[in-house]
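Chemist: Got a predicted structure here, sequence first:
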Amino acid sequence: MAESGPRNWHSPDLSGPSRNDIGWLASLPADIEQRLTPDQVVTELLHRLANGLGVRQCWVYAQSPDDERQWALIASHDALSTAPDVDAVRRATERALSEIPNTTVFLLALKGSSGIFGALAIEGGASLAADETVLMRLVGERIGVIMRDDRARAAQIRSRGSLALLAEASEMFAGTLDVQLAMTLATQLVVPRFARWAAVWATYEYVPHMTAVAHADEVRLHDLRAA
């Protein structure tokens with residue numbers, strides 16, 4: 001689910017009037033769910049939870065796939081409202097708090113095999129009746145499963161990409177003993193996979209010299225060398 005901001009997608013075709021129907025609250029028709037991205041499914045379930053339980057505002061937060069200390073808001077209901085601060089949600093969830101301090105926002109941690117990776121935050125959730133709290137937790141668990149599966153798929157893709165890069169690098173470097181060529185190949189491996197440009201400096205007699213450079217836009221190579 002990887003993290004650039006909340007996706008406020010909502011299909012009016014999927015709305016329903018049932019308040020306590022767990023089947024409606026926690027699942028979508030299989031043929032429709034298969035056509036949606038995981039982010040869209042999570043957002044739709046969040047809308048259903050809010051509408052079914054009469055909750056005015058709720059949000060889903062999750063860790064960045066690249067940095068567990070960085071969290072982001074990935075889905076919301078009632079986008080016109082001000083969402084709780086991301087860092088406040090992260091800190092409260094990591095401290096196993098049921099509410100964000102000094103607010104009425106109830107927190108439900110989303111957990112995976114490696115620990116907590118996100119949270120479902122609900123405005124006024126602590127005032128729900130016991131049966132409504134059970135429904136909220138069931139929907140939260142369903143959202144957590146979707147997000148865990150999506151993160152696992154993304155990790156597999158990254159892993160395959162890393163293995164492919166290692167194989168390519170091994171093949172390229174095994175074919176030469178030329179140091180200059182090896183440094184040139186190193187910059188070409190980095191660009192454009194990880195950066196728009198890359199350069200290698202080598203030190204001869206304590207003086208650094210640029211020995212290789214690459215840029216995603218070859219027209220800018222001259223300017224890059226000059227800079």
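Modeler: Cool, got the structure.
Chemist: going forward, measure contacts between C-alpha atoms and count neighbours the same way
Modeler: OK.
Chemist: measure R90 to G112 for me?
Modeler: Distance, R90 to G112, using CA to CA, to the nearest Å: 15 Å.
Chemist: Compare these two and say which is more crowded by neighbours.
Modeler: A side-by-side neighbour count of R90 and G112, using other CA atoms under 10 Å, places R90 first with 24 against 14.
Chemist: Return the per-residue confidence for the more buried one.
Modeler: Note on R90: pLDDT of 92.
Chemist: and the residue nearest to T93 when sequence neighbours are not counted, how many neighbours?
Modeler: In space, and not counting its chain neighbours, T93 is closest to A109: 6.2 Å by CA to CA, 6 or more residues apart in numbering. Using other CA under 10 Å, A109 has 27 other residues around it.
Chemist: Same check on L181?
Modeler: L181: 14 surrounding residues under other CA under 10 Å.
Chemist: Next up, identify which helix or strand it is on.
Modeler: helix 179-190 (DSSP states H and E).
Chemist: Farthest out from the centre of the chain, which residue is that? Tell me.
Modeler: Outermost residue of the chain with respect to the C-alpha centroid, by CA atoms, centre = their mean, is E205; its distance is 46.4 Å.
Chemist: Send me stretch 126-136 as CSV with only the CA atoms.
Modeler: Provided in CSV are the C-alpha atoms of stretch 126-136 (Å, rounded to 0.1, in the frame of the first residue of the first chain):
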residue,chain,number,x,y,z
ALA,A,126,-15.1,4.8,22.6
SER,A,127,-18.8,5.7,23.0
LEU,A,128,-20.0,2.8,20.7
ALA,A,129,-22.1,0.1,22.3
ALA,A,130,-20.6,-3.2,23.0
ASP,A,131,-22.0,-4.9,19.9
GLU,A,132,-20.9,-2.0,17.7
THR,A,133,-17.4,-2.2,19.2
VAL,A,134,-17.3,-5.9,18.2
LEU,A,135,-18.3,-5.0,14.6
MET,A,136,-15.7,-2.3,14.5
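Chemist: Tell me the pLDDT of the residue farthest from the centre of the chain.
Modeler: 78.
Chemist: try the one 10 residues further on
Modeler: Per-residue confidence for H215 comes out at a pLDDT of 84.
Chemist: Roughly how far does it sit from P38?
Modeler: As judged by CA to CA, H215 and P38 stand 35 Å apart.
Chemist: Please name the nearest non-neighbouring residue to P208.
Modeler: Leaving out its chain neighbours, the residue that sits closest to P208 by CA to CA, 6+ apart is A202, at 5.5 Å.
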